[in-house]
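*Asks:* please work out how this folds:
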Amino acid sequence: MVLLSLVALLCCGGALYGGWWQPRQELAGHKRLLEEIGGPRGFQDTRIREHAGTTNAFTEYYLICRDSVCPLDPAGAIYEWLHDNDAPADRNHVKSCLGWAAAPDPELCRFTWRGNGWRVDVDAFWKGADGQDAGDREWLLRTTASAD
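*Replies:* Got it, this is the predicted structure:
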């Protein structure tokens with residue numbers, strides 16, 4: 001009976017660890033990572049959320065540009081942010097990438113960097129600013145932390 005109880009405890013404990021505890025810890029680590037890296041200078045952020053059913057965490061940073069004129073150089077701010085967080089970044093590539101995203105037929109603009117078991121993906125979008133005047137646009141940076 002004692003042996004049966006011990007086997008049941010080990011099986012349930014392992015399932016509880018792998019199915020509940022470990023994923024929660026991984027998600028918490030991804031949220032902490034997003035808090036640590038912050039966002040680019042001049043960009044506003046949204047709260048950190050989780051992708052349902054995964055251990056991935058994400059947030060969005062945005063910069064509103066009145067009449068499509070930004071209050072600062074978005075490429076410069078994004079480059080500094082990437083550089084400050086040890087992401088592989090080249091100032092000219094950041095400018096080109098944002099140019100592709102802002103083109104009439106936009107292409108995906110993504111920056112990725114990796115650490116010890118994690119990765120961060122930043123997708124940049126040039127879009128109409130929600131809730132703003134018709135001519136206003138915004139840079140939106142959807143930033144996701146996940147396991148690598």
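*Asks:* is it true that residue 141 touches residue 45?
*Replies:* No - with contact defined as C-beta atoms under 8 Å, residue 141 does not count as touching residue 45 (9.2 Å). Every residue, glycine included, has its C-beta placed from N, CA and C.
*Asks:* more neighbours: which of those two?
*Replies:* Counted by other C-beta atoms under 10 Å, residue 141 and residue 45 do not tie: residue 141 has more neighbours, with 23 against 15.
*Asks:* quick check: beta-bridge partners of that one?
*Replies:* Taking DSSP bridges as the rule, residue 141 bridges to residue 61, residue 124.
*Asks:* ok, now which ones touch it?
*Replies:* Residues in contact with residue 141 (C-beta atoms under 8 Å, 6 or more residues apart in numbering) are 39, 40, 43, 60, 61, 62, 78, 122, 123, 124, 125.
*Asks:* pLDDT score for it?
*Replies:* Note for residue 141: predicted pLDDT of 97.
*Asks:* and for the residue nearest to residue 97 when sequence neighbours are not counted, the neighbour number?
*Replies:* Counting by C-beta to C-beta, 6 or more residues apart in numbering, residue 97 lies nearest to residue 109, which is 4.1 Å off, once chain neighbours are set aside. Close neighbours of residue 109, defined as other C-beta under 10 Å, add up to 23.
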